[in-house]
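Asker: Pasting a predicted model and its sequence here:
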Amino acid sequence: MHLLAEEQLSAGVDAFLETIRGMKEPKALAGLADKWKNDPRPWARAMMQRYFELPFDKPGHQVVVKRLFKAAEARGDDAVMARCLMAFDRLVRRVRAKEFQYDRVARVMIESEILRTPRNVFTKGMSKYLTPKKLEKFRLFKFRTRYYLQRRVWRYFRKLGFKDGAQYLAAVAPGLAAFQDADLAAGENLLDSWSLMHALHGESEAVEFSSLRAVLKEGRTLGVLKPEPAFSRHWRTPGGVVAALELIVAAQSRLVRVWALAWHQELVKTMPAAPSADLLTRMLAHDDEEVQSYGARLLAECTEAANWPLETWLKLLKCENPRVAQLLCDAMLKHVRDERVTLAQRVEIALAKATPIARLGLRLLEKTPPRDAAEREVIAGLWRAQCLGIGGEIVRWALAQLGTAEVYQMPVVCRFFDSANAGIREGAWAWMEQETSPGWPDAALWSRLAETPYADMRGRMIDALTMRAGKPPVGADDLAPVWTSVLLDVHRGGRQKLKALRQIAEALAATPNEKLLPVLVATVRSIRGPEARAALAAVMTLLVKRPELESAITAALPELVLNPAGAGNPLKAAA
């Protein structure tokens with residue numbers, strides 16, 4: 001394994017990290033650590049950062065940690081030192097325990113809760129006697145060494161704070177952002193994090209730092225802690241305001257994120273700074289709704305937003321949070337003039353999933369109806385609208401522009417019936433049922449609708465055809481594709497199928513049609529269970545009215561045997 005690790009280190013293979021973590025021999029690890037720490041490649045530094053992000057749960061790796069840490073400290077590697085800040089802070093984690101004391105006067109046991117340092121230090125030969133699952137609870141270094149590492153890494157950042165404020169902020173922020181929620185799950189975890197407590201509350205009057213850890217003063221609780229970081233003078237600069245805002249977005253722990261939010265709100269009271277469009281975009285795309293809301297509030301107050309390109313606003317409007325989306329729309333109406341938004345961009349806004357944003361797009365569209373065929377083709381893209389809340393309003397406006405007799409085109413209008421948005425389909429059908437609709441008598445549109453995959457559309461077609469059966473200009477020949485689409489759905493039953501069966505039988509009885517007979521035959525074969533009797537009854541009814549179709553039905557359904565009957569028994573069928 002040692003030779004493999006050396007080869008991977010030389011070749012710059014990412015699997016080197018997994019290989020070296022599988023090694024336990026201190027001498028071999030020391031040699032690899034020396035080569036690794038002196039490797040000038042960016043890849044080697046990236047592997048160091050990843051190494052310190054992983055838990056220190058591999059016995060024998062004390063030598064690797066120490067050598068990499070001291071090398072990064074010596075060359076002033078801020079990125080690696082930021083990961084060390086996080087890694088060393090989470091090495092110390094006390095646990096809650098119960099303590100019992102006997103009260104001799106009251107003669108009772110008094111129970112109290114205390115914080116106790118767990119015995120989770122690797123010892124020589126431990127791995128021989130403990131299972132891998134139990135070994136996961138143990139960590140490198142004795143607690144005396146852990147405390148020393150915490151203080152030493154903070155000393156590095158403390159020196160930066162006295163030397164260069166901008167560099168201090170740039171170096172400490174990634175370390176704060178690297179903390180995970182699991183690292184700070186309990187209040188005592190925060191107090192055990194020496195560097196983190198200094199960075200967040202180093203100037204707080206409620207906290208004092210003992211020789212081992214941060215301690216709350218008498219009568220103070222974690223709930224009253226306010227953001228009072230060490231070197232607050234560096235934060236109270238334009239660069240510090242931006243760094244706090246960046247930390248809001250980058251922080252992986254909610255505790256650090258909430259701290260950064262509160263600290264930024266405090267900073268902007270005396271040091272207002274307009275956030276960049278890129279930063280606001282990332283805030284609005286954040287998983288935390290609190291961050292999204294704060295970003296939307298900053299956007300509304302940003303005076304420079306009026307000069308942003310439309311592409312930036314369109315990117316911001318990708319937000320799906322309804323509450324934040326409304327704030328975005330208000331900000332856009334405040335900062336962006338209507339004439340700056342093109343027709344295609346208005347359609348793009350109307351396609352949004354969030355109701356406030358889609359409504360904004362529709363509001364802009366209503367101010368500029370299409371003037372020619374090219375603009376009508378742009379409007380036709382509204383069939384892809386995602387908002388369920390105003391889908392009906394969108395299609396109503398769109399078909400008012402595209403569905404008049406003067407400009408009606410079947411391929412364009414048909415798209416709205418195939419929309420995945422149920423509100424769009426509902427509105428399209430409402431347009432279809434209007435007396436003046438050019439789509440109602442269009443047999444080509446009906447035939448195209450037969451291909452729809454949506455059961456609600458198929459059911460509506462059957463109901464509509466039942467009411468208008470036999471009325472021109474739609475005839476039986478034109479409706480064959482519609483009936484075929486509905487009746488070949490062999491996995492579904494219901495009254496709609498029975499209606500279609502009756503329509504086919506009545507159409508064939510009125511006018512024998514070679515195109516409709518195969519439809520009826522296919523339907524009989526596809527129906528199962530109780531509906532089979534209804535299908536067979538439709539065939540028999542048809543034979544009574546049209547005996548000349550007997551040979552055609554026999555040829556199409558050879559499994560159905562038809563026997564001439566005597567008086568009083570006209571036809572008898574046996575399958």
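Answerer: Thanks, I have it. Numbers count the residues shown, from 1 in each chain.
Asker: How far away from the center of its chain is the longest helix seen in the chain?
Answerer: Longest helix in the chain by number of residues (criterion: DSSP state H): helix 143-163. Its chain's C-alpha centre and that of helix 143-163 lie 39 Å apart, by C-alpha atoms, centre = their mean, to the nearest Å.
Asker: Which elements pack onto that helix?
Answerer: helix 62-75, helix 78-89, helix 165-177, helix 194-201 (3 or more C-beta pairs under 8 Å, 6 or more residues apart in numbering; DSSP states H and E). Where C-beta positions appear, they are placed from N, C-alpha and C, glycine not excepted.
Asker: strands paired with whichever helix or strand comes after the second one, and their directions?
Answerer: The first helix or strand that comes after helix 78-89 along the chain, using DSSP states H and E, is strand 95-103. Based on DSSP bridges, the strands next to strand 95-103 in the sheet, each with its direction, are strand 108-116 (antiparallel).
Asker: Which SSE is immediately downstream of the partner strand?
Answerer: helix 132-135.
Asker: Excluding chain neighbours, what is closest to A352?
Answerer: Excluding its sequence neighbours, the residue lying closest to A352 (C-beta to C-beta, 6 or more residues apart in numbering) is A358, at 4.9 Å.
Asker: Show the average pLDDT along the host helix or strand of the one you found.
Answerer: Per DSSP H and E: A358 is located in helix 355-366. In this model, helix 355-366 has a mean pLDDT of 93.
Asker: and the helix or strand following it, which residues are buried?
Answerer: Following helix 355-366 in sequence order, the next helix or strand is helix 373-379 (DSSP H and E). Within helix 373-379, the residues that count as buried by 16 or more other C-beta atoms under 10 Å are R376, I379.
Asker: counting contacts, what elements does helix 373-379 pack onto?
Answerer: In terms of contacts (3+ C-beta pairs under 8 Å, 6+ apart), helix 373-379 is packed against helix 343-350, helix 391-402.
Asker: okay, those helices, which one's buried deepest?
Answerer: Ranked by mean neighbour count under mean count of other C-beta atoms under 10 Å, those are led by helix 391-402, which reaches a mean of 21.
Asker: Could I have the CA atoms of that one written out in PDB?
Answerer: The C-alpha trace of helix 391-402 is given here as PDB (Å, rounded to 0.1, in the frame of the first residue of the first chain):
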ATOM      1  CA  GLY A 391     -52.600  28.800 -16.300                       C
ATOM      2  CA  GLY A 392     -56.200  29.500 -17.300                       C
ATOM      3  CA  GLU A 393     -55.600  33.300 -17.400                       C
ATOM      4  CA  ILE A 394     -52.500  32.800 -19.600                       C
ATOM      5  CA  VAL A 395     -54.200  30.500 -22.100                       C
ATOM      6  CA  ARG A 396     -57.200  32.800 -22.200                       C
ATOM      7  CA  TRP A 397     -55.100  35.800 -23.300                       C
ATOM      8  CA  ALA A 398     -52.900  33.700 -25.600                       C
ATOM      9  CA  LEU A 399     -55.800  32.200 -27.500                       C
ATOM     10  CA  ALA A 400     -57.500  35.600 -27.700                       C
ATOM     11  CA  GLN A 401     -54.500  36.500 -29.900                       C
ATOM     12  CA  LEU A 402     -54.000  33.200 -31.700                       C
END
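Asker: Residues contacting whichever helix or strand comes after it, please?
Answerer: Once the chain leaves helix 391-402, the next helix or strand it forms, by DSSP H and E, is helix 410-417. For helix 410-417, the surrounding residues in contact (C-beta atoms under 8 Å, 6 or more residues apart in numbering) are 376-377, 380, 382-383, 395, 398-399, 402-403, 424-425, 427-429, 432, 439, 442, 444-445, 448-449, 452, 457.
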